[in-house]
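**Q** after the sequence you'll find the predicted model.
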Amino acid sequence: MLNILSIFVGGGIGATLRYLITKTCIDNFKIGYPATFTINITGCFLIGLISGLLLNKIQLPQNILFFLTTGLLGGLTTFSTFSLEGIYFLKEGKYLHFIIYIISSIIIGLGATYFGFLLGKN
């Protein structure tokens, strides 16, 4: 039951952070997709870092691990929003934006995860 509560609380915090970051981006720049991109890359880095740290350096109780990964990072990162924004680019005929956004998110996201993992592992 503690694991479920940890995921619930972490997810609520992550989703709230995502909302606040996106709202700030829209309020300041009138567009939301840079926030989604930044959130996804940051989430990739952090989940890699946590995984790397857990490999050699630290032991976390399972409920804390679930709070951080499934909860907080799961609530924070925004793959469904990322996908919807990609569809909006296509609907608006912004094909180059679509290609750059999708490819850079995937490549940089994988790189951020790997970098975080290496940093945490060493």
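**A** Nice, thanks for sending it over.

**Q** hey, where'd the helices end up in this protein?
**A** 2-29, 33-56, 62-66, 74-76, 79-91, 95-121 (DSSP state H).

**Q** wait, what's in contact with Ile103?
**A** Applying CB atoms under 8 Å, 6 or more residues apart in numbering to Ile103 gives no contacts. C-beta: built from backbone N, CA, C; applies to glycine.

**Q** determine which stretch of the helices of the chain is the most buried.
**A** Per residue and on average, the most neighbours among those fall to helix 74-76, with a mean of 21 (mean count of other CB atoms under 10 Å).

**Q** which elements pack onto it?
**A** If you count contacts as 3 or more CB pairs under 8 Å, 6 or more residues apart in numbering; DSSP states H and E, helix 74-76 packs onto helix 2-29, helix 33-56.

**Q** got the CA positions of the shortest one in PDB?
**A** Taking Å, rounded to 0.1, in the frame of the first residue of the first chain, the C-alpha atoms of helix 33-56 are listed here in PDB:
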ATOM      1  CA  TYR A  33       6.200  22.800 -26.900                       C
ATOM      2  CA  PRO A  34       9.600  24.000 -25.700                       C
ATOM      3  CA  ALA A  35       8.400  23.300 -22.200                       C
ATOM      4  CA  THR A  36       7.300  19.700 -23.200                       C
ATOM      5  CA  PHE A  37      10.700  19.200 -24.900                       C
ATOM      6  CA  THR A  38      12.600  20.500 -21.900                       C
ATOM      7  CA  ILE A  39      10.500  18.400 -19.400                       C
ATOM      8  CA  ASN A  40      11.000  15.200 -21.400                       C
ATOM      9  CA  ILE A  41      14.800  15.700 -21.800                       C
ATOM     10  CA  THR A  42      15.100  16.600 -18.100                       C
ATOM     11  CA  GLY A  43      13.000  13.500 -17.200                       C
ATOM     12  CA  CYS A  44      15.200  11.300 -19.400                       C
ATOM     13  CA  PHE A  45      18.300  12.600 -17.700                       C
ATOM     14  CA  LEU A  46      16.900  12.200 -14.200                       C
ATOM     15  CA  ILE A  47      15.700   8.700 -14.700                       C
ATOM     16  CA  GLY A  48      19.100   7.800 -16.100                       C
ATOM     17  CA  LEU A  49      20.800   9.400 -13.200                       C
ATOM     18  CA  ILE A  50      18.600   7.600 -10.600                       C
ATOM     19  CA  SER A  51      19.200   4.300 -12.400                       C
ATOM     20  CA  GLY A  52      22.900   4.800 -12.500                       C
ATOM     21  CA  LEU A  53      23.100   5.800  -8.800                       C
ATOM     22  CA  LEU A  54      21.100   2.800  -7.800                       C
ATOM     23  CA  LEU A  55      23.500   0.500  -9.700                       C
ATOM     24  CA  ASN A  56      26.500   1.100  -7.500                       C
END
